[in-house]
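Trainee: Give the three-dimensional model of this entry:
(chains A and B)
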Amino acid sequence: MGSVLRRLLFLFQRNRLDRDLEEELRFHEEMKAHALADADGMSGDEARAAARRRIGNPLRLREQSHEPWTFPTVETFMRDMRHALRLMRRDPAFTFTALATLALGIGLNTAIFSVAYGVLWRPLPYSNPDQLVMISSAQQTEKGPRTFSTWAPVSYEGLRPRVAALEDLAAYNSIDVPLTGRGEPVQLHALEVSPNFFVTLGVEPVRGRPFLTGAAAPDDDRSAIVSDRLWRMSLKADPAIVGQSITIDGLPRTVVGVLPPDFSFRPVLPRLGALPETDLFLLNRWPGDTGRNAFLFLLGRMKPGVTQERAEAELTALVNDSSIVHAGGLATEGALAPNVRTLARVVGLQEYGTESVRTLLLILLGAVSFVLLIASVNVANLQMARLSARRGELSVRMALGAGRRRIVHQLLTEAIVLSLLGASLGVMLARIAIEITLPLVPQFALPRLGGIVIDARVMAFCLGLSVVSTLLIGLVPALRVSGAAFGEDLALHVGEAHTTADRRGERLRTLLVAAQFALTLVLLIGAGLLIHSFVRLTSVSRGPDGVVQTVRVTLPERLYDEPERIHEFARGMLDHIQYLPGVKSASLINSAPFGMMFIRDDFYIEGQPKPKIDAGRPKIGPGYFNTMGIPLLAGREFTARDTAEAPKVAIVSERIAREYFPGGPGEALGRRVRLSDRGEWLTVVGVVADIRQKGLDQEVQPMLYVPFQQERVEFFVLRFVSFVVRTDTPASVVEGIRAEIRRVAPNLPIESTVTMDEAVAASVAPPRFRMFLLVLFAITATLIATCGIYGLMAYSVTQRRREIGVRMALGAERRDVLQLVLTRALRIVLAGLIVGLAGAAGVTRVLQTFLFGVTPTDPIAFTMVTLLLMAVGLMAAWLPARRATRIDPCAALRAE
Amino acid sequence: MVSLCKERLMKEAKTKSKNELLPGTLEMLILKTLSIESMHGYGIAQHIQMLSADVLTIEEGSLYPALQRMLVKGWVLAEWKISANNRRARFYRLTTAGKKQLGVEESRFSQMFGAIMRVMKTT
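Mentor: Okay, here's the model as predicted:
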């Protein structure tokens, strides 16, 4: 240990040591001269000369005396590194290309990895998060397997004390509630949770306490815990908030705790995505709720050492025990088939509901690793070309006694320097890329956005990447050097631009460039498929043009507990809105298109067997289709005369009409339908065009529209009211509606005000984002591959100067020379493209779930992209080819 | 031709670099010398040469690098003093670590020496 320290000190005392040593040697020399003079009777000068001869080369002696003080491997590395940096400075074109290529490759990988890691693998901010699981159930039904995400409170109470595999079982239900009495009313994303929710997560509030568990705490029932964000924003960071009362949904709740700033809980809805951050947690025991409505998500913590399979087996046994879980207590009544075995599903909290994101991120990771591969190949290629140019240098070094190890060492050092510089630039690039793109990420697409940061782990990944690229860049050329005959080969050809000696290297380079084109083509085809799919997506008819403004509110259940109250509110509002200045027409719906809410269920047609399809069943106001611009195909719209007292009516969408009334839309008119097997019959009065209610990237949904004012049975879904207004002045209309709501229901928060165009844009945001990313990767890859073929051809033209000169001297025309170079380039590109096409045909299947109206082997995307890449490749080869035609045969031959 | 040349050169270099003493013995001899009294480089060489009746000549090219190695390892310390003939000279002095090392080297050497002798005595 001490010796390392002394050696480190030496670095700062080098001069002193040198001086000491010099004086010491002078002393030695004099003593020796003295002795020689005494013994052999030499004169002073003679003796000194003799002494100097005996001592030998003082420089060498000094070097040898230095050696013990140094770190040989470090010194060699530093020397190699300085050499590498010098070489890089001397060849700025190479350095720029290599660094830019590597920075792009590594940067993209780092960015995508940081997202994938943050979303899929970063441990959740709870204690021992890998023990946390979500519990759902599944049944095999005639329509295929059906999964039920939620449970009834009775089932939860039945399971909780009995599951031995779980340490804790908590339940939650996500609701949106208004907070009033603290400034402008706001709609909050809240969770109703069982008392043990935070115990299960293993999270403690930083202020106050968690909810009390156990039956001995009935006075805790009206308590609430708030997020750090809510505490700071709406509660003004009041340090004495614990114990205070806040008004939630019109009722007082006592704040008992404030959560840590880094706490985050975004409830995930399977197939839909993650809901926004939860700001408010309300304790709920669902007392006396023996109803059969299932709406609780179950979150469990497995005991240490328990596997998901074991928990699943135990839960499945419990679920099928009718003394614990009553049939129908699992899912909404009617949805669950009786007498069918139910399976419990146990999924890790982290994986829960992230299947589609997982696929997407893994695809993206695969795509960017292609980019890095292409980039590394490019740099390896450049390096090889340079190596040929450096034959002279390397031969001299080998002739002077540098071993192969030493040369390989040098080449690897050069690769390390390049990779590390590239990696640092890459990290910077990734930082910028993340900062720019994260705000563009569609809201529901990625859960846990907060987990996306460039931290030690991501840096480690980046370092790993640079090791991989180092190996690719360094080893390929290094292996060539250590090829058996290379040393002698080099020694013989110092300074000669030989045409045959380099053949092996050239073949390898050609192969690498062809491989680049193959990989690039796969990426480009993927991007092409997404582009084509997106074009198909946005060109589907989306109904109305012009501005349709929506304003959404949720009526609190407590105040609007009867259909009449909701009907009255809606009627009153519409009467007012219609006469606001700038309003062309106005209506309302309980589930606006492209919104989160969409309810579909069975329906029945009089005189026909039960339809095999489900239908959406929105409740709409008069003039809805006119306002939205949805074409009416037959019959009439609902009007103000379709009141609760009038005959019950319905309007079906084209899809239903086509399937069940094959005689044309008119045939449906006058027929009767109903929404449940015991419900009232409704007369069909109209048929409207299909719309993509759930979003442009979704299937057309069969729809069965019912007048808002006539709905009494499913009145609980009427509470979600969206007013829709066609207008040219949306801003003033929104203000008008806001003022009216404030007058009629002062504590009712407005949840959102978006135009239909905005809603449409939001609904295509995920596919647009996917397309954007893949196109970005593909363009990067194309750029890199273009550099690759350009470099190869430019180098080969330089190498074959003499040959081309001879050809021209023998009468070859410029055209022939051009053809010579371009044919070769075309052969390489074509070889790459053929392999790439085969690869793409195999690989694009993973994109299936993200394609809309386009097959994974879409001929348009395949042909267009292939032709494009071929053109780009030839264009890149054109420049060196043209240079080849300008070779002056005299000059080329004389240069030998 | 070229390769032949190179091989011969390398072989030569290898034999030359071999110390004529048994490996490690130079350090031991220096340590032993310094255990008597502190001395400068020239003195050390003279001392060993004299005691070994000119059998062991210590080359400067080995002596000074060896002394530097021992400085690095902390076995000896160097200080400037005035020599017997009134000149400034660099004297080397044994440290505690150096003394311990001398013991280690001595016992290793005698072990090695004994082993060699046993081999040589067998007829």
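
Trainee: Downstream of the helix or strand where A:Arg146 lies, the next helix or strand is which one?
Mentor: Assigned by DSSP states H and E, A:Arg146 falls within strand A:144-148. Downstream of strand A:144-148, the next assigned helix or strand under DSSP H and E is helix A:153-159.

Trainee: Now do that next one: distance to the chain's middle.
Mentor: Distance of helix A:153-159 from the chain centroid (CA atoms, centre = their mean, to the nearest Å) equals 37 Å.

Trainee: So which residues on chain A come close to chain B?
Mentor: Contact residues (CB under 8 Å from any CB of the partner chain) of chain A with chain B: A:2-3, A:6-7, A:10, A:20-21, A:23-25, A:27-28, A:30-32, A:54-56, A:60-61, A:64-69, A:399, A:401, A:488, A:491. For the C-beta atoms, the positions are set from N, CA and C on the backbone; glycine is no exception.

Trainee: just the buried members of those?
Mentor: A:6, A:10, A:21, A:24-25, A:27-28, A:30-32, A:55, A:61, A:64-66, A:68-69, A:491 (16 or more other CB atoms under 10 Å in any protein chain shown).

Trainee: what helix or strand is A:Ser65 on?
Mentor: helix A:58-66.

Trainee: now the angle from whichever helix or strand comes after that helix to helix A:58-66?
Mentor: Later in the chain than helix A:58-66, the nearest helix or strand by DSSP H and E is helix A:72-90. Put simply, helix A:72-90 runs at 120 degrees to helix A:58-66, going by axes from the mean of the first three to the mean of the last three CA atoms, to 10 degrees.

Trainee: mind listing what the residue nearest to A:Ala423 when sequence neighbours are not counted touches?
Mentor: Once flanking residues are discounted, A:Ala423 sits nearest to A:Ser466: 3.9 Å by CB to CB, 6 or more residues apart in numbering or on different chains. Listed by CB atoms under 8 Å, 6 or more residues apart in numbering or on different chains, the contact partners of A:Ser466 are A:106, A:419-420, A:422-423.

Trainee: just those now: which is nearest chain B?
Mentor: Minimum distance to chain B across the contacts of A:Ser466 is 30.6 Å, recorded for A:Leu420 (CB to the nearest CB).

Trainee: Next secondary structure after the helix or strand of chain B with the lowest mean pLDDT?
Mentor: Lowest by mean pLDDT, DSSP states H and E among the helices and strands of chain B is helix B:2-17, with a mean of 46. Using DSSP H and E, the helix or strand that follows helix B:2-17 in sequence is helix B:25-36.

Trainee: quick one: buried residues of that following helix?
Mentor: For helix B:25-36, by 16+ other CB under 10 Å, it's B:26-34.

Trainee: what about A:Asp228, neighbour count?
Mentor: 19 (other CB atoms under 10 Å in any protein chain shown).

Trainee: Spell out the secondary structure type for the nearest residue to it once chain neighbours are set aside.
Mentor: Once flanking residues are discounted, A:Asp228 sits nearest to A:Pro261: 4.3 Å by CB to CB, 6+ apart. With DSSP: H, G, I helix; E, B strand; the rest coil as the basis, A:Pro261 sits in coil.

Trainee: Could you do A:Pro252 as well?
Mentor: strand.

Trainee: what's the nearest residue to it if we skip its chain neighbours?
Mentor: A:Ser245 is the one closest to A:Pro252 (CB to CB, 6+ apart), at 4.6 Å.

Trainee: Let me see the contact set for that neighbour.
Mentor: So A:Ser245 contacts A:252-255 (CB under 8 Å, 6+ apart).

Trainee: Among those, which one sits closest to chain B?
Mentor: A:Val255 (66.8 Å).

Trainee: and the strand or helix carrying that closest one, what other elements does it pack with?
Mentor: In the assignment (DSSP H and E), A:Val255 maps to strand A:251-258. On a contact count with 3 or more CB pairs under 8 Å, 6 or more residues apart in numbering or on different chains; DSSP states H and E, strand A:251-258 meets strand A:207-208, strand A:223-226, strand A:245-248.

Trainee: and A:Thr359, how many neighbours?
Mentor: 15.

Trainee: Now for it: which residues touch it?
Mentor: A:846, A:849.

Trainee: mind running it again at 10 Å?
Mentor: With contacts taken as CB atoms under 10 Å, 6 or more residues apart in numbering or on different chains, A:Thr359 has the following neighbours: A:846-850.

Trainee: Can you lay out the residues you listed as JSON lines showing neighbour count, secondary structure and pLDDT?
Mentor: Listed next are the contacts of A:Thr359 as JSON lines, based on neighbours: other CB atoms under 10 Å in any protein chain shown; DSSP: H, G, I helix; E, B strand; the rest coil; pLDDT from 0 to 100:
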{"residue": "A:Val846", "neighbour count": "16", "secondary structure": "helix", "pLDDT": "80"}
{"residue": "A:Leu847", "neighbour count": "21", "secondary structure": "helix", "pLDDT": "81"}
{"residue": "A:Gln848", "neighbour count": "12", "secondary structure": "helix", "pLDDT": "78"}
{"residue": "A:Thr849", "neighbour count": "10", "secondary structure": "helix", "pLDDT": "75"}
{"residue": "A:Phe850", "neighbour count": "23", "secondary structure": "helix", "pLDDT": "78"}
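
Trainee: Roughly how far does the residue positioned nearest the centre of chain B sit from chain A?
Mentor: What sits nearest the mean C-alpha location of chain B, by CA atoms, centre = their mean, is B:Leu26, with 1.9 Å. Remark: distance between B:Leu26 and chain A (CB to the nearest CB, to the nearest Å) = 13 Å.

Trainee: wait, isn't that residue in contact with B:Ala66?
Mentor: Yes: with contact defined as CB atoms under 10 Å, B:Leu26 and B:Ala66 form a contacting pair (5.3 Å).

Trainee: Please enumerate residues in contact with the one helix or strand B:Gly43 maps to?
Mentor: Using DSSP H and E, B:Gly43 falls within helix B:41-51. Residues from elsewhere that reach helix B:41-51, judged by CB under 10 Å, 6+ apart: A:21, A:24-25, A:27-32, A:34-35, B:26, B:29-30, B:32-34, B:36-40, B:55-60, B:62-64, B:66-67, B:78, B:83-84, B:89-92.

Trainee: give me that answer again for 6 Å
Mentor: Helix B:41-51 is contacted from outside by A:28, A:31, B:29-30, B:33, B:56-58, B:63, using CB atoms under 6 Å, 6 or more residues apart in numbering or on different chains.

Trainee: For those residues, give me JSON lines that also has pLDDT and distance to A:Leu429.
Mentor: Below are those laid out as JSON lines (pLDDT from 0 to 100; distance: CB to CB, whole Å):
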{"residue": "A:His28", "pLDDT": "86", "distance to A:Leu429": "59"}
{"residue": "A:Met31", "pLDDT": "85", "distance to A:Leu429": "65"}
{"residue": "B:Leu29", "pLDDT": "90", "distance to A:Leu429": "61"}
{"residue": "B:Ile30", "pLDDT": "91", "distance to A:Leu429": "58"}
{"residue": "B:Thr33", "pLDDT": "91", "distance to A:Leu429": "63"}
{"residue": "B:Leu56", "pLDDT": "83", "distance to A:Leu429": "65"}
{"residue": "B:Thr57", "pLDDT": "81", "distance to A:Leu429": "64"}
{"residue": "B:Ile58", "pLDDT": "84", "distance to A:Leu429": "60"}
{"residue": "B:Leu63", "pLDDT": "87", "distance to A:Leu429": "56"}
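
Trainee: Can you list the strands that the lengthiest strand in chain A pairs with?
Mentor: Ordering each strand of chain A by length in residues (DSSP state E) puts strand A:166-180 first. Strand pairing for strand A:166-180, using DSSP bridges, gives strand A:186-193 (antiparallel), strand A:245-248 (antiparallel), strand A:297-302 (antiparallel).

Trainee: Can you lay out those as JSON lines showing mean pLDDT?
Mentor: Formatted as JSON lines, the strands paired with strand A:166-180 follow (pLDDT from 0 to 100):
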{"stretch": "strand A:186-193", "mean pLDDT": "89"}
{"stretch": "strand A:245-248", "mean pLDDT": "90"}
{"stretch": "strand A:297-302", "mean pLDDT": "92"}
